[in-house]
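[1] Okay, here's the prediction I keep looking at, along with the sequence it came from:
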Amino acid sequence: MTSFPWLSLIVFFPLIGAVLCFLVKAESSRWVALGFTVGNFLISLPLWWLFDSSTANMQFVERASWISSPPVNYSLGMDGISFPLVLMTTFLMPFCVTVSWTAIEKRVQLFMSMLLVMEAAMVGVFVALDFVLFYVFWEVMLIPMYLLIGVWGGPNRLYAAIKFFLYTLAGSLLLLVAILALYFQGGHTFDILELSRGTYGASLQMWLFLAFFAAFAVKVPMFPFHTWLPDAHVEAPTAGSVILASVLLKMGTYGFLRFTLPMLPDATVAFTKPMIALSIVAIIYGAYMALAQSDIKKLIAYSSVSHMGFVTLGIFVLNIQGIEGAVMQMVNHGITTGGLFLCVGIIYERTHSRQILDNTGLAGPMPRYAMFLMIFALSSLGLPGTNSFVGEFLVLAGTFVWSQFATAFAALGVILAAAYILWLMQRVVFGTPAPAHRAHLLDLNARETATLVPLIVLVFVLGIFPNPLLTRMHASVTNLLNAQKAPAYATAPQQPALPQPAATMAAMSSSSSEQAAAR
Amino acid sequence: MMYALIPLLPLFSFLIVGIGEQWIKDRAHLVAVPAMVGSFLLSLMALHDVATGQAVNVTLYTWLTSGNLDIHIGISIDRLTAVMLILVTTVSTLVHIYTIGYMHGEPGYARFFAYIALFTFSMLMLVMADNLLQLFVFWEAVGLCSYLLIGHWYERASACAAATKAFLVNRVGDFGFILGLFLVWYSFGSLDYATVFAQAGQLASKTTNLLGPFGGTWDVSVMTMICLLLFTGAVGKSAQVPLHVWLPDAMEGPTPISALIHAATMVTAGVFMVARLAPLYNLSPTAMTVVALVGALTMMLGATIALTQTDIKRVVAYSTMSQLGYMVMACGLGAYSAGMYHLLTHGAFKALLFLGCGSVIIALHHEQDMRHMGGLKDKLPVTYWTFLVGSLALAGFPLTAGFFSKDDLLVSSWSAGPLGQVLTICGLVTAGLTAFYSFRLVFVTFWGKSHVDPHHAGHVHEPSTTMTAPLMVLAVLSIVAGYLGIPAFLEPVFHGEGAGAHHEGSAALSIMALATLMGLTGIGAAYYLYVLNPGLPDRLAQQWRAAYELSLHKWYIDEAYDRSFVRPTLSAAQGLWKHVDVAIIDGAVNGVARAVAWGGWLIRLTQSGQTQHYALGMTLGAVVILTVYLLL
């Protein structure tokens, strides 16, 4: 294992920039932020090749004592589950800077600085291996996000910012309680890996599960804890929306994967059914909500609820296709929904409206913009060849092993996704422009093109060649499932399936009649 | 490996023209056409290789792996694939050439070439797939191209609505497809055709209890479930009842698209799928029956609607739907090679008919209403004569390709038991209707008095050679395709089917005679009604008002869907949002906030800042504590 402190570098490098932003003029602070976010991505990029996909162990581990009593360590590490999320975060941040280039006019230094603080905290959450450290990063994220919405947001920004802050904080407090409970029950340590190896009593697991659930379900957000999301998105500036949708929501699902599944295996199995039910409700309900919206940003916000439903669904079916699909879907949602929010921000700068009916017929005056928007939209509805299909397909495949009926319901969400996305496209991309705005509809400039093209490329690269990313997950996900003490259905149908179908068919919610007779 | 270029050449063409759209502009065909010709020539070589017994199997790369899910993207060519390759590349090449003239001067010229190249690539990958997921991926990809091309004239609201409708209706079908695909993977542990077909027999008698999760018992054969779910996808893609509603609306797209995608290739993917998966369908008689009945129903429904339509393209569109019904019906009756045979000849003559429509439409400055045509046969001689050949083939006129394939199809159906015989009779009746509406189209458009808008009537002329040449090639193919021995070539693919099935001498002869008779009767009736007695059709329409309206309004199926699916979904979404999300869920969240604020306000009352209030509070508190202390 390499001794070079890669992860510390990725966490703290943006903070240097965050300080630097205050020392320069507004104009230069944009360049500082761009330099540091791009720099941080370049620093994180070698990890793609340095990452060893054959092991499930934590990699690039760093460990130093922080507080001796209670024993809190500064320890960082990365496995196949956090790895894609870190790279996605560092990849997306430069575009948050470029899309804010002209959109943010007041207090530019503070804004750019907050973006960089945000990046440090988000990467920190994904690589922290100590619970206290994790919690520090987790809570630190709230402050810059609160400011992003509250200072640079829309007309109703204070309501949205406070709602976001209080809602997440309420969940986080229960997370803190759970962390303390684990500390006292798990051998007086905050080490996440050690706590994951421990075993806990059944009723303790239940309570801890609920506490974790409170924190993570709000973040995801799972139905019915989602109502902060549309408000926060609508009010947030574009960069805030992108960070919120692409990275912050993933914290919740990451929490389920990192803590709930390995530490509370029995409670996880016990809560499987309600969690899957909530996920499917989120998929369908979110899609219905999206159908009802007339504000583009709200529509995309509700579509996030639906898409994140696929992620939680994949996690809780507890098999390899489900979880790998869930991680894929986390990355995909980050890219696709991030791209959609960037597109909305770009059109908002021109028309100063997010209403669908104010932004019609863009294909004529803005052909390049229309094409990019169309690509993100098609990815969002899970078209094969784009990234999202891979994630949704794997999640649905995993779900099918768990229950065919659940899959049928979840797949209804795919039809509804096509409905709300295509209806949006029909109105926004096709047709004729609203006369009032026609004059403002200039096609993308070089900066905006450069903001969107890398995401477009990734939409196709991950859609056409998903395997390099999937191979980097295999070991960690397999290990996670083994830690789950392998329920009967964890490994999906064995090859060949037919000679010994009993094991797999028994897990099938509908079993063959002859076996029913045998029982 | 060289054969990988068959799909890759159109892909390169798409990338070059698509990315360089702004630069290449009206030179797009210089890239697109040679690429297609190259692809066509390679397909011919592949056909030759396959015919001499060398099957092609190449794995291009591993797409995704997860657990035991292991999906490769590859190309595999057998006899069935080879004939599809020839069909796709031939029609696509001709349509590319035709497009040069048809889309000349349009602002979206390069974009159009990019999309048809992307379509051709996807369609070729679809037919060359060696596993179900690859089939599904490119199945969706051709759907995407169809969507983009229907919406090519994006400023027309009707075109955009049609595009969305096509995509959505197909999504409904694909919902079944993907569930079927999962069931295949779940049952066989693989999605590769070869593995699945090899194990299919073992699964034939397996059943699954569909009501298991709800405590009930309803045992259904797994194989039937698989076949029916996959067939749902075919119903969407091949415009079968009840998911046929998108195809006529898809005529909003430019006419070359109607010929390539919505007649000759993409819409036949469903038929191809059923034929490709014949080893599975053969194991489920129930599924086969459903397939046959859906096909027969579509066949008749399409023909009855085509009788009264006045938009020249819609008549041809409904006839496509009806002919697809024939093919699906044949597959459902186990006559796969007959179905595929009809698919191929239909590809030639229907592409011809659509391109002919395109010539008429261009000549009349985008007029599509038959009632504003008439008398065009002298002004558009090439179009007229080629169109006549196409119509004769569609009507099953003796010695055309359509005659041989339809005859083969009906004879094979007849030999497939009692159901087959009933459906064959339906097929014969429909053949009469087909001949009638095709020649109604010919007579109203090309014969009789001119009803052309006088503004344009003076300068109606034959389009450029790039448009007429493809018509002539297709006209030749619409005859020749009947003499190439296609059924015999395909027979080895489906050797499970009773090989001697369609050679019951006397029955075969009588069906051939009957089919010919029906065709001639249809043509005669059209001649009587539209040439000899031009006023009669209107009088008949008055007399049979209800039936006429039913046909004209497409059996009111669109209206029914709008009332039962589209509007309820949208109002449910609005209702859920306003009355559940905003009122209840968010109401609860804000309610908690308000409750906390109210509690704070109550407690704040005690913090009045006046010393006497605090002194009173202290005294009262002391009294209470003291009382409690003393009493206890």
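    Alright, I've got the coordinates. Numbering: from 1, shown residues only, chains lettered A, B, ... in the order given.
[2] pretty sure residue B:73 is in a helix, no?
    No: under the criterion used here (DSSP: H, G, I helix; E, B strand; the rest coil), residue B:73 is strand, not part of a helix.
[3] I'd assumed residue B:64 was in contact with it.
    No: between residue B:73 and residue B:64 no contact is recorded; they are 9.6 Å apart, counting by CB atoms under 8 Å. Every residue, glycine included, has its C-beta placed from N, CA and C.
[4] Between the two, point out the one with more neighbours.
    residue B:64 (23 against 20; other CB atoms under 10 Å in any protein chain shown).
[5] Just give me the neighbour total for residue 378.
    You didn't say which chain, so I picked chain A. For residue A:378, the count of nearby residues is 26 (other CB under 10 Å).
[6] that's the wrong chain, I wanted chain B
    For residue B:378, the neighbour count with other CB under 10 Å is 10.
[7] SS state for it?
    Reduced to three states by three-state DSSP, residue B:378 is coil.
[8] Grab the longest helix from chain B for me.
    Determined from DSSP state H, the single longest helix within chain B is helix B:157-188.
[9] does chain A sit close to it?
    Yes: legend: contact between helix B:157-188 and chain A by CB under 8 Å from any CB of the partner chain is shown at B:157, B:159-161, B:163-164, B:167-168, B:171-172, B:175, B:178-179, B:182-183, B:185-188.
[10] now the helix or strand hosting residue B:313: how far from the chain's centre is it?
    Following DSSP states H and E, one finds residue B:313 within helix B:312-332. Centre-to-centre, helix B:312-332 and its host chain are 11 Å apart (CA atoms, centre = their mean, to the nearest Å).
[11] Stretch B:548-567 now?
    Mean-position distance between stretch B:548-567 and its chain equals 19 Å (CA atoms, centre = their mean).
[12] Ends of it, what's the gap?
    One end of stretch B:548-567 sits 27 Å from the other (CA to CA, to the nearest Å).
[13] Contacts for that stretch, please.
    With contacts defined as CB atoms under 8 Å, 6 or more residues apart in numbering or on different chains, stretch B:548-567 is touched by B:242, B:245, B:248, B:301, B:304, B:305, B:307, B:308, B:309, B:540, B:541.
[14] tell me the two of those residues that are most distant?
    The largest separation in these, counting by CB to CB, is between B:242 and B:540 at 28.9 Å.
[15] rewinding a little: could I have the buried ones of the residues of helix B:157-188 next to chain A as PyMOL selection syntax?
    This is the PyMOL syntax for the buried subset of the residues of helix B:157-188 next to chain A, where burial follows 16 or more other CB atoms under 10 Å in any protein chain shown:
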select buried, chain B and resi 159+160+161+163+164+167+168+171+172+175+178+179+182+183+185+186+187+188
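[16] And the strands in the chain, which stretches?
    Since you didn't name a chain, this refers to chain A. With DSSP state E as the criterion, chain A has strands at A:59-67, A:72-78.
[17] Actually, chain B is the one I wanted.
    Using DSSP E, the strands found in chain B span residues B:56-66, B:69-77, B:207-209, B:219-221.
[18] Adding mean pLDDT and distance to chain A as columns, could you present the ones you listed in CSV?
    What follows is the strands of chain B, written out as CSV (pLDDT from 0 to 100; distance: least, CB to the nearest CB, whole Å):
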stretch, mean pLDDT, distance to chain A
strand B:56-66, 90, 5
strand B:69-77, 91, 6
strand B:207-209, 80, 5
strand B:219-221, 85, 5
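[19] Columns distance to residue A:274 on top of those strands, output as TSV?
    Output for those, formatted as TSV (distance: least, CB to CB, whole Å):
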stretch	distance to residue A:274
strand B:56-66	26
strand B:69-77	27
strand B:207-209	24
strand B:219-221	29
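[20] now for these, which one comes closest to residue B:488?
    strand B:69-77 (18.7 Å).
[21] residues in contact with residue 483?
    I'll assume chain A. Each residue near residue A:483 by CB under 8 Å, 6+ apart is listed here: A:196, A:261, A:262, A:265.
[22] Not quite, go with chain B.
    For residue B:483, the contact set (CB under 8 Å, 6+ apart) comprises residue B:404.
[23] measure residue B:20 to residue A:464 for me?
    Distance of residue B:20 to residue A:464, computed by CB to CB, to the nearest Å: 20 Å.
[24] nope, residue B:27 is what I was after
    Applying CB to CB, the value for residue B:27 to residue A:464 is 28 Å.
[25] Neighbour count for those two, which is higher?
    Between residue B:27 and residue A:464, residue A:464 has the larger neighbour count (other CB under 10 Å), namely 17 against 14.
[26] ok, that one - contacts?
    Residues near residue A:464 by CB under 8 Å, 6+ apart: A:385, B:63.
[27] Model confidence for it, exactly?
    Residue A:464 is assigned a pLDDT of 94 by the prediction.
[28] ditto for the one 3 residues further on
    Reading off the confidence values, residue A:467 has pLDDT 93.
[29] wait, it sits on residue B:69?
    No: using CB under 8 Å, residue A:467 is not in contact with residue B:69; the gap is 11.4 Å.
[30] domain ranges for chain B?
    Domains of chain B are assigned by automatic domain parsing as B:284-552, B:563-631.
[31] Just the mean pLDDT for the shortest one, thanks.
    Taken as a whole, domain B:563-631 has a mean pLDDT of 88.
[32] Span of it from start to end?
    Counting by CA to CA: the opening and closing residues of domain B:563-631 are 75 Å apart.
[33] sorry, back to before: among the strands of chain A, which is nearest residue A:399?
    strand A:72-78 (27.9 Å).
[34] So for that closest one, what gets flagged as buried?
    For strand A:72-78, the neighbour count (16+ other CB under 10 Å) marks A:72, A:73, A:74, A:75, A:76, A:77, A:78 as buried.
[35] Over to stretch B:190-201?
    By neighbour count, with 16+ other CB under 10 Å as the criterion, the buried positions of stretch B:190-201 are B:190, B:191, B:192, B:193, B:196, B:199, B:200.
[36] Tell me if that stretch is near chain A.
    Yes: Stretch B:190-201 is in contact with chain A by CB under 8 Å from any CB, via B:190, B:199.
[37] check contacts around the nearest residue to residue A:118 once chain neighbours are set aside.
    Of all residues not flanking residue A:118 in the chain, residue A:144 sits nearest, at 4.5 Å (CB to CB, 6 or more residues apart in numbering or on different chains). Taking CB under 8 Å, 6+ apart as the criterion, residue A:144 is in contact with A:114, A:115, A:117, A:118, A:121.
[38] same check, this time on residue A:13
    A:36, A:39, A:40, A:43, A:120.
[39] Contacts only, for the first one.
    Read it as residue A:36. Shown in contact with residue A:36 (CB under 8 Å, 6+ apart): A:13, A:14, A:16, A:17, A:18, A:20, A:116.
[40] residues from the stretch 1-150 of chain B in reach of chain A?
    Within reach of chain A by CB under 8 Å from any CB, the stretch 1-150 of chain B has these residues: B:61-69, B:133, B:136-138, B:140-141, B:144, B:147.
[41] In ChimeraX, how would I select the buried members of those?
    A single ChimeraX command is used to select the members of these judged buried by 16+ other CB under 10 Å:
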select /B:62,63,64,65,66,67,68,69,133,136,137,138,140,141,144,147
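[42] Good, we can wrap up now.
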